[in-house]
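Student: here is my input; please provide its structure:
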Amino acid sequence: MAILDKEKYMKYMEKFDMTHEQKVEYIETLWVFAQNFVAKQFGNHPIQHILEDREREKKKKEEEEQKKLKPRKHLSKRIIPEVGFVELDVILTVFPVSEEEWLEGVKSGDYPKPVSLSKKTKAWRAKDISELLKRYES
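Tutor: Take a look at the predicted model:
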């Protein structure tokens, strides 16, 4: 930033009925106003930097969320069978969410419902999981 030479501008203040201190304050105020105006026009204003930083952070967060939801395509074809059933631990190796997030998605209807294979064992139809992966891959 440029340095203010107050005395250089004092000659323009001669016709005003002000004390020397008031003239200096007036010059300093105009200087700050002019600096802020120029800074805003050329993208150097602190508020612009803050807004740009927020926008970058928002974009980065959105990209990270998208990466989280991208299935691991290279694994899905090898791990998910064409027919049969798939247990949750296998699903979570190709679908990048936590167990808790998966179960919440099942409750909300975002993910397929499991099938009870026995009293203690639940699994998902391989076909349903393959369709889900295709939906997220596109």
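
Student: mind telling me what element W124 is part of?
Tutor: Using DSSP states H and E, W124 sits in strand 122-125.

Student: no no, Y9
Tutor: helix 6-10.

Student: try V32
Tutor: Counting by DSSP H and E, V32 is part of helix 20-41.

Student: beyond the helix or strand of the chain with the lowest mean pLDDT, next helix or strand please.
Tutor: Across the helices and strands of the chain, mean confidence by mean pLDDT, DSSP states H and E is lowest for helix 73-79: a mean of 58. Sequence-wise, the next helix or strand downstream of helix 73-79 (DSSP H and E) is strand 85-86.

Student: quick revisit: what comes up buried for the helix holding Y9?
Tutor: Y9 (16 or more other CB atoms under 10 Å). No exception for glycine: its C-beta is placed from N, CA and C like everyone else's.

Student: name the helices or strands packed onto that helix?
Tutor: Packed against helix 6-10 by the contact rule (3 or more CB pairs under 8 Å, 6 or more residues apart in numbering; DSSP states H and E) you find helix 20-41.
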